[in-house]
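S.K.: Got a sequence here, can you model it:
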Amino acid sequence: MRKTIEATWRDGFLNPDALVAPKVNDLYTRKSMHIADRIQRMQRINEIAIVIGAPIAWALYAALGMPYGGAILCAAWVGLIVVRRQFPHITMFDAPVSDDSYQYLKAFQRWLKNRLAWGRRVQRHIYAVTFIAIAIGMGESAGGQLAIRHIVESNPGIRLVYGVPLILIAGVAVIAIVVDLLGGVIFDFDVNTVYRNVFRKLDEMVAEMEELRG
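M.R.: Predicted coordinates:
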């Protein structure tokens, strides 16, 4: 029966002169590079999807009579990518691959943690902006204008701000604040939905190496 990778790795630690140890080191190095490349590739695909999808969403919003809401939505998400690109240490992991795949993965894990922490601080506010953009879009649409007109006609004494009932503006503002306060939770859910499996594999590989090294 063929030895498992774990058993072979242990043999390599127990016997530094074992001929199989370099092969196992090479295997773990390639596995480390593979998972790091996979996570970065998924993140690049996500960014490309935003850059392409945001203008398309703007065009669809405009076609539905909601150009301003679409413009805000597009500017917010594309702006997020532009701002992120101003921080190379957040955007790209460029640590050299050494013979110690464990140290390489630990470095990548630290970089990923910093990237997610940065994203949580910045991107959490994008969700509130997205809600405001949707609310503005609904307000400027034909159906939204009809609803606003009905509210105004049904309540002659209602206070207006640029033709929009103040109570509606206040309601949107309150909900936007709540969404902003929950932005970190939404970000975590968003990230876990897309990256849960690959993050788990990364953690399992690091834990496996730590166990074997111990």
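
S.K.: Run through the helices of this structure in chain order.
M.R.: 5-14, 20-63, 67-84, 88-91, 101-140, 142-154, 166-181, 183-213 (DSSP state H).

S.K.: Now distance to Leu160, mean pLDDT and mean neighbour count too, for those, in JSON lines please.
M.R.: All C-beta spots, glycine's among them, are computed from the backbone N, C-alpha and C. What follows is the helices of the chain, written out as JSON lines (distance: least, CB to CB, whole Å; pLDDT from 0 to 100; neighbours: other CB atoms under 10 Å):
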{"stretch": "helix 5-14", "distance to Leu160": "70", "mean pLDDT": "48", "mean neighbour count": "15"}
{"stretch": "helix 20-63", "distance to Leu160": "24", "mean pLDDT": "84", "mean neighbour count": "15"}
{"stretch": "helix 67-84", "distance to Leu160": "18", "mean pLDDT": "92", "mean neighbour count": "18"}
{"stretch": "helix 88-91", "distance to Leu160": "44", "mean pLDDT": "77", "mean neighbour count": "14"}
{"stretch": "helix 101-140", "distance to Leu160": "13", "mean pLDDT": "90", "mean neighbour count": "18"}
{"stretch": "helix 142-154", "distance to Leu160": "7", "mean pLDDT": "88", "mean neighbour count": "13"}
{"stretch": "helix 166-181", "distance to Leu160": "7", "mean pLDDT": "94", "mean neighbour count": "14"}
{"stretch": "helix 183-213", "distance to Leu160": "30", "mean pLDDT": "88", "mean neighbour count": "14"}
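
S.K.: I'd like to know how far the residue positioned nearest the centre of the chain sits from Val161.
M.R.: In the chain, the C-alpha nearest the mean C-alpha coordinate belongs to Val191, at 5.1 Å (CA atoms, centre = their mean). As for Val191, its distance to Val161 is 37 Å (criterion: CB to CB, to the nearest Å).
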